[in-house]
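Undergrad: what would the 3D arrangement of this be:
(chains A, B, C and D)
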Protein chains: 4
Amino acid sequence: MNDFLDKPDDFCGVVGIYGDPNASFNTYLGLHALQHRGQESAGIAVSDGQEVRKKLGMGLVSEVFNEQNLKELPGHIAIGHNRYSTTGGSAALNIQPILIYHKDGNLGVGHNGNLTNSKILRRQLEERGSIFQTTTDSEVILHLVAKSKEMDIIHKIQDAVRQIKGAFSLVFLTENKLIVVRDPYGFRPLALGKFNGAMVVASETTAFDLIGAEYIRDVKCGEMLVFDSEGMRSFSPFEKQTPAHCVFEFVYFSRPDSQIFGEYVDKTRRKLGKNLALEKPADADIVISVPDSSNTAALGFSARSEAKFEIGFIRNHYIGRTFIHPSQEKRDFNVRLKFNIVGGVLKGRRVVIVDDSIVRGTTLKQLVQVVRNAGAKEVHVRISSPPIKNPCYYGMDFPTWKELIASDRSVEEIKEHLGADSLEYLSLDGMLDSMPKENGQHYCTACFNGKYPVEIDDLESNNSK
Amino acid sequence: MNDFLDKPDDFCGVVGIYGDPNASFNTYLGLHALQHRGQESAGIAVSDGQEVRKKLGMGLVSEVFNEQNLKELPGHIAIGHNRYSTTGGSAALNIQPILIYHKDGNLGVGHNGNLTNSKILRRQLEERGSIFQTTTDSEVILHLVAKSKEMDIIHKIQDAVRQIKGAFSLVFLTENKLIVVRDPYGFRPLALGKFNGAMVVASETTAFDLIGAEYIRDVKCGEMLVFDSEGMRSFSPFEKQTPAHCVFEFVYFSRPDSQIFGEYVDKTRRKLGKNLALEKPADADIVISVPDSSNTAALGFSARSEAKFEIGFIRNHYIGRTFIHPSQEKRDFNVRLKFNIVGGVLKGRRVVIVDDSIVRGTTLKQLVQVVRNAGAKEVHVRISSPPIKNPCYYGMDFPTWKELIASDRSVEEIKEHLGADSLEYLSLDGMLDSMPKENGQHYCTACFNGKYPVEIDDLESNNSK
Amino acid sequence: MNDFLDKPDDFCGVVGIYGDPNASFNTYLGLHALQHRGQESAGIAVSDGQEVRKKLGMGLVSEVFNEQNLKELPGHIAIGHNRYSTTGGSAALNIQPILIYHKDGNLGVGHNGNLTNSKILRRQLEERGSIFQTTTDSEVILHLVAKSKEMDIIHKIQDAVRQIKGAFSLVFLTENKLIVVRDPYGFRPLALGKFNGAMVVASETTAFDLIGAEYIRDVKCGEMLVFDSEGMRSFSPFEKQTPAHCVFEFVYFSRPDSQIFGEYVDKTRRKLGKNLALEKPADADIVISVPDSSNTAALGFSARSEAKFEIGFIRNHYIGRTFIHPSQEKRDFNVRLKFNIVGGVLKGRRVVIVDDSIVRGTTLKQLVQVVRNAGAKEVHVRISSPPIKNPCYYGMDFPTWKELIASDRSVEEIKEHLGADSLEYLSLDGMLDSMPKENGQHYCTACFNGKYPVEIDDLESNNSK
Amino acid sequence: MNDFLDKPDDFCGVVGIYGDPNASFNTYLGLHALQHRGQESAGIAVSDGQEVRKKLGMGLVSEVFNEQNLKELPGHIAIGHNRYSTTGGSAALNIQPILIYHKDGNLGVGHNGNLTNSKILRRQLEERGSIFQTTTDSEVILHLVAKSKEMDIIHKIQDAVRQIKGAFSLVFLTENKLIVVRDPYGFRPLALGKFNGAMVVASETTAFDLIGAEYIRDVKCGEMLVFDSEGMRSFSPFEKQTPAHCVFEFVYFSRPDSQIFGEYVDKTRRKLGKNLALEKPADADIVISVPDSSNTAALGFSARSEAKFEIGFIRNHYIGRTFIHPSQEKRDFNVRLKFNIVGGVLKGRRVVIVDDSIVRGTTLKQLVQVVRNAGAKEVHVRISSPPIKNPCYYGMDFPTWKELIASDRSVEEIKEHLGADSLEYLSLDGMLDSMPKENGQHYCTACFNGKYPVEIDDLESNNSK
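TA: All right, here's what the predicted structure looks like:
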């Protein structure tokens, strides 16, 4: 799967820091490390114990924030958010964290994931006279908190999160507290760390590296953590559930250098590649990856194959917002813009392209073509996960069912579409075999086999309209 | 009074249009003409009958809008707003119109004026679990509308505006309606016009000139107008009150070329100048104004005086955001940056400076100084309104009581402060005598004499804290 | 004449400072005060005695410069330039000061005026192998300096300026010198002042006001001033000529608060208005000006007339880069955007519009129309200078002969074109009678009567092509 | 060597197109593909046969150009330039192409390389009265062309290039010609291609891929190509020399997917890695590269070694202009910002880092550190070229002699500085053995062994001062 051309990068990254005099700056670094989780917008809310401030903007973290505006965000508690919209459109109004005033003061929230009953909740709230200024799940959650009859913010948030369903890794900020909640299935990763006496949570451990924080453990499935002057307290507001970690975080989404669900992503991907080579070998000279996401899988494939690992595509670092002339809208222009094709490696070779997944297949089709044009004798495609046949309701922004190339096509048909000499996918068992399981991990594989661990209330609510 | 240096320009301007295929463009022109009513931010919300869109931004109308983004605002119904914050701070989050989603769909609102019970209402709403994302009165009003038990939007808005107190000229927008409400005292002006079969309301008639609209009449005190497919309907949701038009709109705020409260502003200002000359004459050679706001008053003064009208100050058109070097922070640098001083006119003359009002006195003090430095023999100051001794709670953004130079100083003391040879103010009677009254107009003079026509609930609510 | 709509403002303003630790900042202030002399671009070159730096940009002075980039221009010698192109197109490449490296080091120059033999000189230089990177006169002058066989920079510049013809007020900067040259006819003004032990020259004295400098005297016609560690030295590189001051500087171009050619501009304009009223009276109720350029002439007119001075047009301060919708391209939209029309003053009156000059007549025609639409009974136009019948080759950016409305039309025909009830111009004698002459001043009136004091070599050179 | 942190990327890239109706757009694509050769500024000059236009700007190609401004560059002849300054400082004034007016019309030029006698030439020109507005070699060349006594532009350029020494791949543009010159030593690459009946030259063949052009051959050492209405003509203005191709283009600078000096860069790098492994083996578990420049060398190393190729560093694509907090200026922050470190791969392993070269060693020192911190048991460094001991005068922007870590340190000392367990460089012979030689190629190895093929006149000229 190729993040930029097949589809914009998806969901979100969240960071929360408590007890750091440079909380907004370190949150900024954390967001920077999580940039791959959302390039549409970025925001930080910060509290100095009394006043809460925020800064939001469209664009990359490095475009939204600078030395000057970070200085204007003083305080020791901060939450940050990168987003690519999974719900709510991409308009500027939906940038998170959302910050509100309610009875008890200020409350900010950032959300990674997707609720499956937010439309229903929103309709109920509107019926009771609530107004909405965004189309995000987060605003629904804030309404629930503000409307709770509980006495304090901790119990109000517990009350609120018990009403929501789906995938959520949440960071809340008040004048004097950082509160963190992870849904009982643990769909999305959320890690806990510490540095210089401060505490930090982040979607992936790679955020800890830049901050210089040490990984402690994951926030547990269904756990709520409260950070304030009393230290860190853990609550369990939910009934216990069998975990349903998003297998796609391992397959494609998280950074290879992160540790999620108890394992290094890189290690899992190598295993996927090895299993792929054993299960679906290819008689070829060289193996190439689609950088950067399938690099490790391709290395793993090569390790269990006769074919040597080579670098056939080099990602172009300077793409920016490149203008494309109408006359250039030919078949392979986009991939040529994105990748430099190393012709010398491909010429006269039998080539295996290892990719992590196929969503629409647009980019992969072009890549097969340019490899062939570069003189490859054969082009085989191997995918380190099974065909994606179903939409995700838990925060992975797959296109609609219709656009998923595997939703109504056989592997043979997809092969034809790609123009490859052969195409093989890793099996579901082969994929799950590559995942860590020694600490009771269980995975959500809904996009592959349609088994949704949490019901999708909003779907029914749509149907009943 | 000088708008830029003594204080940023105050309150707001609103525009509403129904039935024009270029509704957003003409709203933009209207806002452009009302730019003097607020330079901090501008916004337009528009509906094409189905979808509601908006564009907001910090800065001047011509900075926020351009050909491209106006094209992205298609529709025949639009509301627009220029703001300088009277309540709610000046942060980007408070830019109007505010646009929400509620049970019945979209609702947008722009507000000119200031509520005197919004804090109380807000607190009550928060107690019931409402959340706020801005600190504006407008968001309070939107909550009241959304919470109303009435059946349709017209009655819901009526229900809401009956709960608010103070000054309000409001424009609401829904998918298919423009709804306009003016408070029963008519504090702020609001005029009704038509063009090419479309209807338009605006804070001042000057907005009609650029649009090419014809003035019909003012929106009446306490009137609600609904524009939709049934045409224009008038409602009277309030008990009738004695009007309390803001006299300061005539004295300083509105454009001279506007017609408000039934009279041309320019004509009233000339009368103020004439009455001032009769009541408080000055033995001088020339009369100069502080452009542009006191030009007409100075002309009127000159017409009833021996002193000739001359141009002593020329406003600099190119100020922009001029950087001031620390070494230049001398007494008169700011006024020199803002005004070109015509030395040839002043040298050896006995000069009367006519100004419309004194707020802090900072600029006027510098002007007296530069006139004296230019060689004037005597410098007399005449003010075409009485001393401002009290804050305004109805939307005029006077500084706090403490900062009002006349709040605790005698005229003699202010004269000393300014360094003038004489200082005289027009009397309250002299001022009111200049105002139109033939159609039952009554005026609010609270800032001069402390008689507030509407109680200030929020004040007590603050005290009781 | 109206600067913005009839035509972009013309020529240029120059500033030079020697001996001021904040030389670039005070040059910036000077340029700010001279903004009316050129809004297209601005630039400053500065030397700290060793290194020469510059900063140039398109736009207003306040847009090009800010606190940060002024800090990056340290030094005690500076020259500055505002430009609207008279020669050389308006492209970014022509922004001045131009700064070059030549045999003797750095040399920068800013030029106000227009050479009449620059094309010929340029062709000669090109024949000898010179290359040009701009299309300005200034680059020609720099080539002449660099090619001079003289021993030092002072004599090289003398050598160069003896070869050029036409109008030039020049400021040169080297590592350790400020050198100033004014052409022997003194077409353009150039004043000398001092402040805090530093010396300053500027196109108009209004620049001294912001800097806090004291006016000493004008740079004399044909004078060269050298400022360096030896103090100020005066040279006379040219043969003496009868002065030919640009009368249009008094009529329209310079600021009213400036003192040029030995007199306050404001005073001269008043005299023009008075002479106009005596020579070409009008039977009317009120006199209005076209702000700001004809304000004083209108006051002068009113002083010698029965008609009262009134404010009929108010200039809009917030024009910016206003987008105009195709549907708004009606006759009077542009003037309505630029001016607010004070209808109450005009209705039912016989009105005299006093303007300083007519170039194309476009704006004036629209103003006559809007005054009539506002209900004026009669609209008379009086112009405080004679008809402009000829192009200017000395730096006033009149349009081509064809576009000058008076070039081939009678006064009666222009009256018809404007739609006025009457139109009268001040006579040449009446105009010259208003100009100061007590110190041997003589004026260039070529644009009115075609008598060009300096031959236009480039014209012939063009013809001979 | 790591391009971003050790030093900004160096020299320049040039493109020239003749006969393409979208010449500026395709030049833009070519510059885009050559972005790695210069990120400081970009420019395009274009001719439609009559008028020559240009657009220059600081920043990346995608920042300088957009749909709108490319439309404003119509024509069928274009030259383009990416620059990182090797001579002349990095100021905006030095952006190329430089475009001048001279006797024969317009002339534009873009230069890749560095002249070794430009200071002397410049001094001579200044002595004869020439002025300079930039500090580039290109302006010197343009002066020489304009001063040539030859009759036409082709011979004038020949005359000029015979006077210059050093490295130059030049593209010239006139109203109706594209002229291309490569120095007789062929220091820098320059390739010739064709597409849709148009001709294109570019620094590297990778530029042809995006344009969709076909590689024909290299522009020969010492060849001049003229493209105009008569087609393509080849001239040989220079005496024949033994070639001196820059070996560093293969080692580090060119893109792996380019073909230069008759061979694919990628293939040569692999050979360098293989020779390195054979010559200087390491007893280790894994080999990692410093992406992207040493990827292929690392793969080659691994192919001749027991150590497996792994991905230890992942380049961060979102660096942008990242603000760095003072508190973060710790040892390894910069590399952490630039690279994601894949800890899982490194832990407990004996690691070989293969890099292409060491300039200052700053980044490599940090990389050794982070690999060690990630738990590596041993860290060995292998460099696929010999120690860089001498500055380059032909366009490779090495730091001064003093800053080159190998200029006065032994390999052992550098190893200590890096903190590595071992350090080995490829020998000069081993390097040259990896280079193509079958077509008479010879290489410049001056930076390694100090044998400069062309004398450095400017050096002596400096010394004689």
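Undergrad: show me the shaky parts of chain A.
TA: Within chain A, the segments meeting pLDDT under 70 span A:1-11, A:85-92, A:318-332, A:399, A:460-465.
Undergrad: ok, 50 please
TA: Counting by pLDDT under 50, the low-confidence segments of chain A come to A:1-10, A:462-465.
Undergrad: tell me the buried residues in stretch A:202-209?
TA: A:202-209 (16 or more other Cβ atoms under 10 Å in any protein chain shown). (Each C-beta comes from the backbone N, C-alpha and C, glycine too.)
Undergrad: tell me which of those fall in helices.
TA: Judged by DSSP state H, the buried residues of stretch A:202-209 include A:206-209 as members of helices.
Undergrad: which helix is the longest one in chain A?
TA: Within chain A, and with DSSP H defining each element, the longest helix by residue count is helix A:265-279.
Undergrad: quick check, nearest of the buried residues of stretch A:202-209 to residue B:18?
TA: Among the buried residues of stretch A:202-209, residue A:203 lies closest to residue B:18 (Cβ to Cβ), at 47.4 Å.
Undergrad: packing partners of the longest helix of chain A?
TA: Where contact means 3 or more Cβ pairs under 8 Å, 6 or more residues apart in numbering or on different chains; DSSP states H and E, helix A:265-279 is packed against helix A:295-303, strand A:378-383, helix A:428-433, helix D:343-346.
Undergrad: so which of the ones you listed is the most surrounded?
TA: Of these, the one with the most neighbours on average (mean count of other Cβ atoms under 10 Å in any protein chain shown) is helix A:295-303, at a mean of 27.
Undergrad: measure how that helix sits relative to helix A:265-279, angle-wise.
TA: Put simply, helix A:295-303 runs at 40 degrees to helix A:265-279, going by axes from the mean of the first three to the mean of the last three Cα atoms, to 10 degrees.
Undergrad: got the contact list for helix A:295-303?
TA: Helix A:295-303 is touched from outside by A:256, A:266, A:269-274, A:276-277, A:287-289, A:307-309, A:352, A:354, A:356, A:382, A:384, D:308-311, D:314, with contacts defined as Cβ atoms under 8 Å, 6 or more residues apart in numbering or on different chains.
Undergrad: number of nearby residues for residue A:230?
TA: Around residue A:230 there are 8 other residues, counting by other Cβ atoms under 10 Å in any protein chain shown.
Undergrad: distance of the residue nearest to residue A:172 when sequence neighbours are not counted from chain B?
TA: The shortest distance from residue A:172 to any non-neighbouring residue, by Cβ to Cβ, 6 or more residues apart in numbering or on different chains, is to residue A:179 (4.1 Å). According to Cβ to the nearest Cβ, to the nearest Å, residue A:179 stands 16 Å off from chain B.
Undergrad: can you confirm residue A:179 is in a strand?
TA: Yes. When classified by DSSP: H, G, I helix; E, B strand; the rest coil, residue A:179 is found to be part of a strand.
Undergrad: near chain B, which residues of chain A?
TA: With the criterion set to Cβ under 8 Å from any Cβ of the partner chain, chain A comes near chain B through A:98-103, A:107, A:126-127, A:129-133, A:135, A:142-143, A:146-148.
Undergrad: 6 Å instead?
TA: Within chain A, the positions near chain B by Cβ under 6 Å from any Cβ of the partner chain are A:100-103, A:126, A:129, A:131-133, A:142, A:146-147.
Undergrad: got JSON lines for those residues, with secondary structure and neighbour count too?
TA: Shown next, in JSON lines, are the residues of chain A next to chain B (DSSP: H, G, I helix; E, B strand; the rest coil; neighbours: other Cβ atoms under 10 Å in any protein chain shown):
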{"residue": "A:100", "secondary structure": "strand", "neighbour count": "21"}
{"residue": "A:101", "secondary structure": "strand", "neighbour count": "19"}
{"residue": "A:102", "secondary structure": "strand", "neighbour count": "21"}
{"residue": "A:103", "secondary structure": "coil", "neighbour count": "18"}
{"residue": "A:126", "secondary structure": "helix", "neighbour count": "18"}
{"residue": "A:129", "secondary structure": "coil", "neighbour count": "20"}
{"residue": "A:131", "secondary structure": "coil", "neighbour count": "24"}
{"residue": "A:132", "secondary structure": "strand", "neighbour count": "18"}
{"residue": "A:133", "secondary structure": "coil", "neighbour count": "21"}
{"residue": "A:142", "secondary structure": "helix", "neighbour count": "24"}
{"residue": "A:146", "secondary structure": "helix", "neighbour count": "23"}
{"residue": "A:147", "secondary structure": "helix", "neighbour count": "20"}
